[in-house]
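Engineer: I would like the atomic coordinates for the input below:
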Amino acid sequence: MVTNIIKTLEISVPVIDCISLLICLPGCMFILVVNILDWRKNKRLDINDQLISGLGILILIYRSFQASFSCTLQIYEFYVITSLAWFYIYLTYYSLGFLTLVFSTWLSIHFCLKIVNINQNIYIYIQHNFPKMFPWILLPSVLASLLISGPVAQNMSEQSLNFNDSLLYPSSSPLTTLLSVQLYFVFFAFCFLIIVISLLLTIVSLYRHIQRMQSFRSEMVEAHVSAVKMLIALIGFNLTFFALMFLFMLKRHEPVWMTAAVLSNASFHILAIPIIIRGSRKLHIMLHKILLHCMTSVS
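Structural biologist: Now for the predicted structure:
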């Protein structure tokens, strides 16, 4: 009975990953196509659109990687994967997760600098020079995510060398595992803190603007509200992803926990797509036009 349940859970993982990929694919492609067409038309792309496109690409790559990996394990199983292959698998998994957080952090900083005005020389200097950093800052972000994720991948790959033995005799305790990846979590917490601070500053700015203008329908207020919703969504998304990675480290050999983690991860990626589209005025308007055109054509 227990064996049948475990086999069912193992089979459900690649099914969940493939379904989530099929659901995320249209939304990610919509984000990329709209922004590529806008770039070709205007010969430039706003920072907001660059980062949103980056998040769309990362979600698409992550879902594709996850589906490919789970299907490969379903066919060939764990024992055929070499130590080096495990290292690159974990490096890809954790670097994609961290890079998603980094892009979310840059997006939150961009919203904060664009909306919040603080009469401090350092803030004004950053506010003036931040747009000049793009898109060149994105490459160092990718390299940083790889370097920070390297120790995590090394630790996890060493523990996956003998999968069958690790089920009976765990190679390390949860505490040892967490201590070996503390650098990853320190940087994760730092980026997460920046997003939270950006959110709080944006909310304060929104409150002051409403008090001053006594209007909830001005264009600036709507921009503030959209930014706040986006930042709240980013906080929820990255906090959930952090919890899932924590769960994966501690419970990765238990089928029930792994299936729950995979299902939760896929669900939040699916939810992230409409949240990202809703946070971009251009994407939201374009989607509304497309849906209106489809409804008109059908009727």
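Engineer: helices or strands next to the host helix or strand of Ser20 in the packing?
Structural biologist: Here Ser20 sits within helix 2-42, counting by DSSP states H and E. Applying 3 or more CB pairs under 8 Å, 6 or more residues apart in numbering; DSSP states H and E, we find helix 2-42 packed against helix 47-76, helix 255-279, helix 281-298. For every residue, glycine as well, the C-beta is placed using N, CA and C.
Engineer: what's the angle between that helix and helix 281-298?
Structural biologist: 100 degrees (axes from the mean of the first three to the mean of the last three CA atoms, to 10 degrees).
Engineer: one step back: reformat the helices and strands packed on helix 2-42 as TSV; add mean pLDDT.
Structural biologist: Formatted as TSV, those follow (pLDDT from 0 to 100):
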stretch	mean pLDDT
helix 47-76	86
helix 255-279	76
helix 281-298	81
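Engineer: now render these as TSV, adding mean neighbour count and distance to Cys24.
Structural biologist: What follows is the helices and strands packed on helix 2-42, written out as TSV (neighbours: other CB atoms under 10 Å; distance: least, CB to CB, whole Å):
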stretch	mean neighbour count	distance to Cys24
helix 47-76	19	5
helix 255-279	18	6
helix 281-298	12	15
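Engineer: same list, those, but as CSV with distance to Val33 please.
Structural biologist: Shown next, in CSV, are the helices and strands packed on helix 2-42 (distance: least, CB to CB, whole Å):
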stretch, distance to Val33
helix 47-76, 10
helix 255-279, 12
helix 281-298, 10
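Engineer: where does the residue nearest to the spatial centre of the chain land in three-state SS?
Structural biologist: Nearest residue to the geometric centre of the chain (CA atoms, centre = their mean): Thr100, 3.8 Å. Three-state assignment for Thr100 (DSSP: H, G, I helix; E, B strand; the rest coil): helix.
Engineer: list the contacts for the closest residue to it other than its chain neighbours?
Structural biologist: Residue nearest to Thr100 in three dimensions, not counting chain neighbours: Leu58, with 5.0 Å by CB to CB, 6 or more residues apart in numbering. Contact analysis of Leu58 by CB atoms under 8 Å, 6 or more residues apart in numbering lists 96, 99-100, 103.
Engineer: that'll do, ta.
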